[in-house]
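**Student:** Starting from these lines, generate the structure:
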Amino acid sequence: MRVIADLADINSAGINRLQYYESYTNDIDQSDLTIVSRSDERISVVVESASKKEIPVVPKIDGQIAMDGYQAEAPIFSPETIAVTGPKSEIESIKEARVNIQRENLTKTVTAEMDFVLINTDGEEVTSDLVVLEREKVTVTIPISRIKEIPLAVSLLPGAGATDENTVWAVDPPTITVSGDPEELDSMNTIPLTTIDLASFESYFTDTYSIILPNEITNVTGVTSAEVTVSIKGLETKPLTVPLLQNVQFTNETEGYTTSLITTELEVMVRGTPEELETINEDNIRVIVDMQELGASTGVMQLPVRIRIDGDTATSCGAILDYKVTVRVTKDNGA
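**Tutor:** Numbering: from 1, shown residues only. Here you go, the predicted structure:
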């Protein structure tokens, strides 16, 4: 038997005294029963205000989620909050929806539907039947990235007798630790910093370069720049004063225009082995001025030049640094 009270007329929280009536199951014939007495003609019903609250979803992690060499990032929940409804006294004490994550030695990102439990401000699980949840599960994504120590590297552009064989370079720091997608890091064996032209300096070079990574790779070390030093061994330099009137060559001149030199001598620094430098003098130096980009321009202008060394040592020696000459271009009469 049950007693049933009509709640329709209740419009406020508190203790309400309500009349009730009896209800029997179908297997009981009410005509066979007689109510002799009632302890009370009314029943007391306690009514609380209904309350709704958004509570955050939080993880509780047991064990080592990621395998050695991998990194587990903060779990991502969908949704990030859970709406709970129920008596105000029950709802106010609920602190969080806790997801117990029990995964170990993961090597890739995992997404799964997981249960959660309600936890109150005392850290205890809430089991009240009066609390209604908007959902029973949440979607949990556990991002897994690989951790890898990767060397920083530079590329060398051979020039003026300097090659990989007689050049020593170093980077400080030599490596950094990064994290990212496991498949992408599998193929990443070096992090390029820059390309250094070995003909752009005499024997020693140093500079600082930014460490630039693909967007999806994270710099775990945190160092954002590296110092590069380059030393060239076994080579010497020799200064030569080159008379341009005898040693200049103009290429790609525009027809109908004449080029004349204002710079008449050029100080050129040549690098090579001591034995090779002994065989080189000013007569071996050819200064090449490319006029192609000038087109129909006239006037006095400064132009970059290329230095060529003629003779048997042409392939092993070379000029270092950059050079320019000043020329005057005029339009021929009648052109």
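**Student:** ranges for the helices of the stretch 51-200 of the chain?
**Tutor:** 88-91, 182-186 (DSSP state H, counting those that start in this stretch).
**Student:** Give me the neighbour count for Asn120.
**Tutor:** 15 (other Cβ atoms under 10 Å). Where C-beta positions appear, they are placed from N, C-alpha and C, glycine not excepted.
**Student:** Okay, now the unreliable bits of this structure?
**Tutor:** Scanning the chain for pLDDT under 70 picks out 1, 6, 8, 12-14, 20-23, 29-34, 36-37, 47-48, 312-315, 334-335.
**Student:** quick one, domains of it?
**Tutor:** 2-47, 50-142, 150-232, 236-331 (automatic domain parsing).
**Student:** List the buried residues of stretch 247-264.
**Tutor:** 247-248, 250, 254, 257, 259, 261, 263 (16 or more other Cβ atoms under 10 Å).
**Student:** So which of the residues you listed belong to helices?
**Tutor:** Counting by DSSP state H, the part of these found in helices is Asn247.
**Student:** For Val178, state which of the buried residues of stretch 247-264 is nearest.
**Tutor:** The closest of these to Val178 turns out to be Thr263 (Cβ to Cβ; 49.9 Å).
**Student:** Give me the distance between that closest one and Thr251.
**Tutor:** Computed as Cβ to Cβ, to the nearest Å, the Thr263 to Thr251 distance reads 17 Å.
**Student:** The spatially closest residue to Ala296 that is not a sequence neighbour and Thr298, how far apart?
**Tutor:** Leaving aside its sequence neighbours, Ala296 sits nearest to Thr254 (Cβ to Cβ, 6 or more residues apart in numbering; 6.1 Å). Remark: distance between Thr254 and Thr298 (Cβ to Cβ) = 10 Å.
**Student:** likewise Ser155?
**Tutor:** Taking Cβ to Cβ, one finds Ser155 at 41 Å from Thr298.
**Student:** that older thread, which ones are touching the residue nearest to Ala296?
**Tutor:** 291, 294-296 (Cβ atoms under 8 Å, 6 or more residues apart in numbering).
**Student:** so who does the nearest residue to Asp181 once chain neighbours are set aside touch?
**Tutor:** In space, Asp181 comes closest to Glu216 once its chain neighbours are excluded; the distance is 6.2 Å by Cβ to Cβ, 6+ apart. Glu216 is in contact with 180-181, 184, counting by Cβ under 8 Å, 6+ apart.
**Student:** Confirm that Glu216 sits in a strand.
**Tutor:** No - Glu216 is assigned coil when assessed by DSSP: H, G, I helix; E, B strand; the rest coil, not a strand.
**Student:** And it, how far from Met188?
**Tutor:** Taking Cβ to Cβ, one finds Glu216 at 11 Å from Met188.
**Student:** what touches both of those two?
**Tutor:** Shared contacts of Glu216 and Met188, defined by Cβ under 8 Å, 6+ apart, are not found at any residue.
**Student:** Number of residues surrounding Pro75?
**Tutor:** Other residues close to Pro75 by other Cβ under 10 Å number 20.
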